[in-house]
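# Output the structure for:
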Amino acid sequence: MRSLLTAAAISLAFTLFLTPVFLRLFRKWGWGQVIRTPENIHNPSHGAKRGTPTMGGTIFIAGTIVGYLVGAFTGNNPPTVSGLLVLWMMVGFGVVGFIDDYMKVRSQRSLGLSGWRKIVGQIIVVVPFSILALNFPNTWEETPASPYISIFRDVPVLSFMALGPILGWLLYLAWTALIGVGYSNGVNLTDGLDGLAAGAGIFVTGAYSLIAFWQFNQACWGGEGLSPSAISACYPTPNPFDLAIVSASFVGALVGFLWWQAPKAEVFMGDVGSMAIGGVIAAMAILTRTELLSLLVAGVFIIAPGSVILQRMYFKATRGKRLFLMSPFHHHLEMRGWPEVKITVRMWIIAGLLAVSGIGFFYVEWLSQT
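The predicted structure is shown next:
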């Protein structure tokens with residue numbers, strides 16, 4: 001417990017007190033936000049945000065790493081493969097976002113990496129994660145991830161390897177890539193208003209910290225010493241406490257960063273930040289073996305990409321008509337006259353309700369097994 005609380009506190013202090021130092025450097029380096037021309041036309045208030053320091057995601061990425069390492073070692077819980085894999089996804093996706101942000105800042109245009117290049121970069125990050133996650137078994141021969149599709153835990157009949165090693169590996173890699181790319185771009189599309197993605201990310205990763213901690217308390221350690229009811233309800237997730245530590249550290253870093261994003265934001269997270277959040281969510285969903293449950297826990301990050309998909313489908317089906325005034329959905333609400341703060345707070349409420357609902361279903365499933 002000391003590791004978990006220390007990690008969260010250190011990362012919170014890092015981003016809360018050191019962000020002004022980073023902002024001075026960002027201004028010196030010319031890392032200012034570039035606003036797309038269409039947004040200036042439809043949302044004039046966004047034009048005032050031009051020049052605000054961006055790429056702030058680097059701050060909470062650094063804060064998470066520092067908090068996690070300090071918390072792990074001070075509490076005598078050294079980093080495990082599972083925790084390091086979460087950091088890999090966070091940093092790797094962050095690097096892809098950083099490249100995109102830097103291209104925009106350097107050219108002073110909103111054109112960075114193309115959509116397909118982003119996806120290729122994200123897949124390059126996900127593939128090593130997925131391969132390593134099916135290696136490094138612990139004492140009980142449990143690997144960080146599993147070749148099963150999971151809801152609250154692995155579903156035995158949904159095994160990729162039942163189709164043979166070659167096809168099984170290909171489908172497993174495609175599945176994990178879908179999760180990683182999906183959440184990374186989902187958070188990226190949600191990051192359109194001051195504090196929206198950071199606040200929602202706190203609820204989602206906070207929920208995953210609780211889920212991992214519960215799995216730690218209900219782990220399958222003890223083997224034959226466990227009662228039949230305990231065996232059916234326990235979780236074979238390796239290193240769940242380390243997963244709780246790294247996600248708690250990420251929550252602390254986001255909370256400290258959100259202090260500086262309160263409207264009017266003094267810093268934007270940029271693609272480096274939004275993609276890093278998506279990477280952490282994807283990694284936690286895969287490593288806690290709650291991939292399908294993540295659709296509920298992280299459901300707030302499905303609204304924005306869902307609205308974009310619906311907009312495009314409706315546009316093509318009706319030959320030019322629009323379902324929303326503007327997509328993603330939060331920009332539609334802006335066009336309807338909703339103040340930015342109202343949209344952000346209500347999206348936070350939705351994020352909290354979905355995350356709590358996910359935890360509730362997770363707990364109810366455990367009760368049904370006992």
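
# Look at the closest residue to Ile151 other than its chain neighbours and give its secondary structure.
In this structure, Ile151 finds its nearest non-sequential neighbour in Leu292, 4.6 Å apart by Cβ to Cβ, 6 or more residues apart in numbering. (Each C-beta comes from the backbone N, C-alpha and C, glycine too.) Three-state call for Leu292 (DSSP: H, G, I helix; E, B strand; the rest coil): coil.

# what's around Leu292, how many residues?
As a burial measure, Leu292 scores 15 neighbours (other Cβ atoms under 10 Å).

# swap in Ile350?
If we define neighbours as other Cβ under 10 Å, then Ile350 has 15 of them.

# Gly337 now?
Counted by other Cβ under 10 Å, the residues lying close to Gly337 total 7.

# circling back: was I right about the residue nearest to Ile151 contacting Ile149?
Yes. Under the criterion of Cβ atoms under 8 Å, Leu292 makes contact with Ile149 at 6.9 Å.

# can you tell me which strand in this protein is longest?
strand 154-159 (DSSP state E).

# Quick check: buried residues in that one?
The neighbour-count check on strand 154-159 (16 or more other Cβ atoms under 10 Å) flags Asp154 as buried.

# Identify the residue spatially nearest to Asp271, adjacent ones excluded.
Leaving out its chain neighbours, the residue that sits closest to Asp271 by Cβ to Cβ, 6+ apart is Gly97, at 3.4 Å.

# name the element the one you found belongs to?
Assigned by DSSP states H and E, Gly97 falls within helix 81-107.

# Can you name every helix or strand that that helix contacts?
For helix 81-107, the elements it packs on are helix 57-74, helix 115-133, helix 165-190, helix 240-259, helix 270-287, judged by 3 or more Cβ pairs under 8 Å, 6 or more residues apart in numbering; DSSP states H and E.

# again, 10 Å this time
Helix 81-107 sits against helix 2-29, helix 57-74, helix 115-133, helix 165-190, helix 196-217, helix 240-259, helix 270-287, with contacts defined as 3 or more Cβ pairs under 10 Å, 6 or more residues apart in numbering; DSSP states H and E.

# what about the residue nearest to Asp271, neighbour count?
Residues lying near Gly97 (other Cβ under 10 Å) number 33.

# Look up how far Gly278 lies from it.
Distance, Gly97 to Gly278, using Cβ to Cβ, to the nearest Å: 9 Å.

# Please identify the longest helix in the protein, counting by residues.
If you go by DSSP state H, the chain has its longest helix at helix 340-369.

# Next, the angle from that helix to helix 165-190.
Between helix 340-369 and helix 165-190, the angle comes out at 150 degrees (axes from the mean of the first three to the mean of the last three Cα atoms, to 10 degrees).

# Helix 340-369: which residues count as buried?
The neighbour-count check on helix 340-369 (16+ other Cβ under 10 Å) flags 340, 343-344, 347-348, 351-352, 354-355, 358-359, 361-362, 366 as buried.

# Please work out the average pLDDT along that helix.
Per-residue pLDDT over helix 340-369 has a mean of 95.

# by how many degrees do it and helix 196-217 diverge?
Here helix 340-369 points in a direction 20 degrees away from that of helix 196-217 (the same axes, to 10 degrees).

# roughly how far out does helix 340-369 sit from the chain middle?
Once both centres are worked out by Cα atoms, centre = their mean, to the nearest Å, helix 340-369 turns out to sit 15 Å from its chain's centre.

# From the contact counts, what lies against it?
Where contact means 3+ Cβ pairs under 10 Å, 6+ apart, helix 340-369 is packed against helix 196-217, helix 228-233, helix 294-297, helix 300-317, helix 329-335.

# now do 6 Å
helix 196-217, helix 228-233, helix 294-297, helix 300-317 (3 or more Cβ pairs under 6 Å, 6 or more residues apart in numbering; DSSP states H and E).

# so of the helices and strands packed on helix 81-107, which one's packed in deepest?
Among these, helix 270-287 has the highest mean neighbour count (mean count of other Cβ atoms under 10 Å), at a mean of 31.

# where does the stretch 201-350 of the chain have low pLDDT?
Scanning the stretch 201-350 of the chain for pLDDT under 70 picks out 222-229.

# The same query, at a cut-off of 50, please.
Residue ranges of the stretch 201-350 of the chain with pLDDT under 50: none are present.

# isn't Asp101 right up against Val272?
Yes. If you go by Cβ atoms under 6 Å, Asp101 and Val272 touch, sitting 5.4 Å apart.

# shared neighbours of the two, which are they?
Met55 (Cβ atoms under 6 Å, 6 or more residues apart in numbering).

# What is the neighbour count of Phe136?
Other residues within reach of Phe136, judged by other Cβ under 10 Å, total 16.

# With Trp140 instead?
Trp140 - counted by other Cβ under 10 Å - has 11 other residues nearby.
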